[in-house]
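Return a 3D structure for these sequence lines:
(chains A and B)
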Amino acid sequence: MSRIGVIALNTFREAVRDRILYLLLFFAGATILLSRLLSLLTVGDRLKIIMDVGLAALSFFGALMAILIGTSLVHKEIDKKTIYTLLSKPLRRIEFLLGKFLGLVVTLLVMLSLMTLFFQAYLLLLGGGINGRVFLAALYIFLEMVLLTAVAILFSTFSTPILASLFSLSFFLIGHFSRGLLTLIRKIPAGFSRTGLRVLYLLLPDLENFNLKTEAVHGLSIPAKWLLTSAAYGLFYALLILTLAVIIFRRRDFT
Amino acid sequence: MAAVLAIDNLRKSFSPGFIPRRKEILKGVSLEVEPGEIFGYLGPNGAGKTTTLKCLLGLIFPDSGSLTLFGRPHLSLSARERLGYLPESPYFYDHLTAMEFLDFYARLFGLKKTERRKRIAGLLERVGLADAGRIPLRKFSRGMLQRAGLAQALVNDPDLLILDEPLGGLDPIGRKELRDIILEQKRRGKTVFLCSHILQDIEMICDRVAILVAGRIMSSGRLRDLVSEKIKFTEIEISGLKREELAGLGESLAGQEGRILLKVVGEDKVDDVLSLVLSRKGRVHSLLPRSLTLEDLFLDTVKSS
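Numbering: from 1, shown residues only, chains lettered A, B, ... in the order given. So this is what the prediction gives:
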């Protein structure tokens, strides 16, 4: 097993033995179950409401998991000084960081799979069939979680867990609202401010790229080109963030 | 033979807080550790011992100076494969058992599964944790963590063992066992670099020492050369006399229950004190010739700086 793999395995072990993960898993499950209650109170296709709430729960709790364990696990190594012994072994700093990232991604994959399977089983129980779109939407939620993990790791290479969590959460919120800028850009006349807004939109993350909820719930068509660009966008962005994290982490003093 | 560890003119400063006022921690440290010796790196708290180690292990980057391990740059992975390190007051992964913990580190060295199993069982036995292998580290006491830390430092059978304050948290039995392990490493031709401010125990086993004060090495050399066998002064504990009568004969240090502890320099003066006590019908409770110890040397060095 490569050294990155060894770190990843230990990270996975540490994460799945962390209670906070199960707390979030419990709340995600509870939200999915309670979506039935919500559907009773609303007019319209009940199954669609349940789908909508359920996918939102996957997305929200997935993001929380990525941010919380992403920021705590890297910082914990520095704070508890376990990184001292680790880096005294034949291990490069980049291997450590990539191992952490990989371990977290695998953990999140397991957690999201559990939530998705639970959600799909619940849909079956309520009379819905097995829906491939649920899994597709979950796959893109996973992509978003991968990106958020990279962001959480980046922030935790230079700040405290609370700050890093706040930064990552802001990244998450900005990412889901940045598309509003496009509407604004369309409404104002061409000129300096419009160019400025366009540049801002390009710099800010656009996490709506990973949001397939509407399409999945209402059975709309999803163009393959769109799927591919979104995936490429996510992977490229995550790679960029990780590179930045590695650059900072490699130069940092552990005092 | 080439030095196992060589540090040349190492400098490191930090700027604490936002105000750019740099605080120099290491002000040009140079030292060499020969193969097969036990080297004591001593100094009071805050002298820069741990900073030196952190530079050596690549945890922080020095401002200037060079560090080599086994003749290679200190950051090279091949040098690290031959290194074992026990940090000061080690904390390890709470979620792992002692066996999983050692297995994790052994994997980083690329050891095979059977080899790992054999080595870990031997190490747990060696550090006195044979029965605690399946207990999670979060249930370990401080002394047990120190032992687990020692086991991880030995997991690759290192040629150079670096110990930072290894005696902390250990009871007298633990200290003795640690000393035995260090001496065993030396017997097997390995090198030990010992960082400490606790001088007992170290005095008996170090071949050479360097004393670091405020970022500079103030004194270094063979322990035998630094600490002479010559009697420096004599401590005499007497009673039945007044302090004033002893004026000029020596420095009276402390007195309990009417006794006087006198620090006398020079053998002639010792005779004078004894005859005075005899003539006044006083009593001598103890007479202790003191040679220079590492502790004295340490205190003198720190004081003179």
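
burial measure for residue 199, as a count.
In the absence of a named chain, this looks at chain A. For residue A:199, the count of nearby residues is 10 (other Cβ atoms under 10 Å in any protein chain shown). (Each C-beta comes from the backbone N, C-alpha and C, glycine too.)

looking at chain B here, not the other one
Residues lying near residue B:199 (other Cβ under 10 Å) number 18.

A helix includes it, no?
No: read with DSSP: H, G, I helix; E, B strand; the rest coil, residue B:199 is coil and lies in no helix.

Please look at it and residue B:42 and confirm they touch.
Yes: between residue B:199 and residue B:42 a contact is recorded at 7.1 Å, counting by Cβ atoms under 8 Å.

any shared contact partners between the two?
Taking Cβ atoms under 8 Å, 6 or more residues apart in numbering or on different chains as the contact rule, residue B:199 and residue B:42 both touch B:294, B:298.

Grab the nearest non-local neighbour of residue 71.
Assuming you mean chain A. Spatial nearest neighbour of residue A:71, excluding adjacent residues (Cβ to Cβ, 6 or more residues apart in numbering or on different chains): residue A:164 at 4.0 Å.

The chain in question should be chain B.
Closest residue to residue B:71 apart from its sequence neighbours, by Cβ to Cβ, 6+ apart: residue B:2 at 5.0 Å.

re earlier: other SSEs contacting the helix or strand hosting the residue nearest to residue A:71?
According to DSSP states H and E, residue A:164 maps onto helix A:161-177. Judged by 3 or more Cβ pairs under 8 Å, 6 or more residues apart in numbering or on different chains; DSSP states H and E, the packing partners of helix A:161-177 are helix A:46-79, helix A:132-156.

Those: lowest mean pLDDT?
Sorting the helices and strands packed on helix A:161-177 by mean pLDDT places helix A:46-79 lowest, at a mean of 90.

Give me the local confidence score for whatever residue of the stretch 101-250 of chain A ends up closest to chain B.
Per Cβ to the nearest Cβ, residue A:250 is where the stretch 101-250 of chain A lies closest to chain B, at 9.8 Å. With respect to pLDDT, residue A:250 has a value of 91.

Likewise for the one 5 residues further on?
Per-residue confidence (pLDDT) for residue A:255: 77.

mind checking which helix or strand residue B:65 is in?
Using DSSP H and E, residue B:65 falls in strand B:64-69.

same question, residue B:261
Secondary structure assignment for residue B:261, by DSSP H and E: strand B:259-264.

Can you list the buried residues in whatever helix or strand residue B:237 lives in?
Here residue B:237 sits within strand B:231-239, counting by DSSP H and E. Using 16 or more other Cβ atoms under 10 Å in any protein chain shown as the test for burial, strand B:231-239 gives B:233-234, B:236-238.

likewise stretch A:99-107?
Here stretch A:99-107 shows A:99-107 as buried, counting by 16+ other Cβ under 10 Å.

from the residues you listed, which ones fall inside helices?
Among the buried residues of stretch A:99-107, the ones falling in helices (DSSP state H) are A:99-107.

Check the stretch 151-300 of chain B for the residue nearest chain A and tell me.
Chain A sits closest to residue B:152 of the stretch 151-300 of chain B, with a gap of 6.3 Å, by Cβ to the nearest Cβ.

my read: that residue touches residue B:100, true?
No: look at residue B:152 against residue B:100 with Cβ under 8 Å: they stay out of range, at 11.7 Å.

Spatially central residue for chain A, please.
Central residue of chain A (Cα atoms, centre = their mean): residue A:145, 1.7 Å from the mean position.

Any stretches of the chain with poor pLDDT?
Picking chain A for this. A:1 (pLDDT under 70).

that's the wrong chain, I wanted chain B
Using pLDDT under 70, the flagged stretches of chain B are B:1, B:17-20, B:200-201, B:228-230, B:254-257.

That one: strands as residue ranges?
Counting by DSSP state E, chain B has strands at residues B:5-14, B:23-33, B:38-42, B:64-69, B:72-73, B:83-86, B:160-164, B:191-196, B:208-213, B:216-222, B:231-239, B:251-254, B:259-264, B:283-291.

what's the neighbour count on the nearest residue to residue B:232 once chain neighbours are set aside?
Among residues not flanking residue B:232 along the chain, residue B:292 sits closest, at 5.1 Å (Cβ to Cβ, 6+ apart). Neighbourhood size, residue B:292 [other Cβ under 10 Å]: 16.

any chance you could read off phi and psi for residue B:292?
phi -70, psi 130 (degrees, to the nearest 10).

Do I have it right that the residue nearest to residue A:71 meets residue A:148?
No: at 11.7 Å, residue A:164 does not count as touching residue A:148 under the criterion of Cβ under 8 Å.

higher neighbour count, the two?
residue A:148 (28 against 24).

give me every residue that touches the more buried one.
By Cβ under 8 Å, 6+ apart, the residues touching residue A:148 are A:63, A:66-67, A:70, A:168, A:171-172.

again, but for residue A:64
Residue A:64 neighbours (Cβ under 8 Å, 6+ apart): residue A:24.

And it, how far from residue A:112?
Look at residue A:64 and residue A:112: by Cβ to Cβ, to the nearest Å, they are 12 Å apart.

swap in residue A:233?
19 Å.

which bits of the stretch 101-250 of chain B sit near chain A?
The stretch 101-250 of chain B comes close to chain A at residues B:104-105, B:107-110, B:149, B:152-153, B:156, B:162, as judged by Cβ under 8 Å from any Cβ of the partner chain.

Is residue A:39 in contact with residue A:46, as I believe?
Yes: taking contacts as Cβ under 8 Å, residue A:39 lies within contact range of residue A:46: 4.0 Å.

shared neighbours of these two, which are they?
Common neighbours of residue A:39 and residue A:46, using Cβ under 8 Å, 6+ apart, do not exist here.
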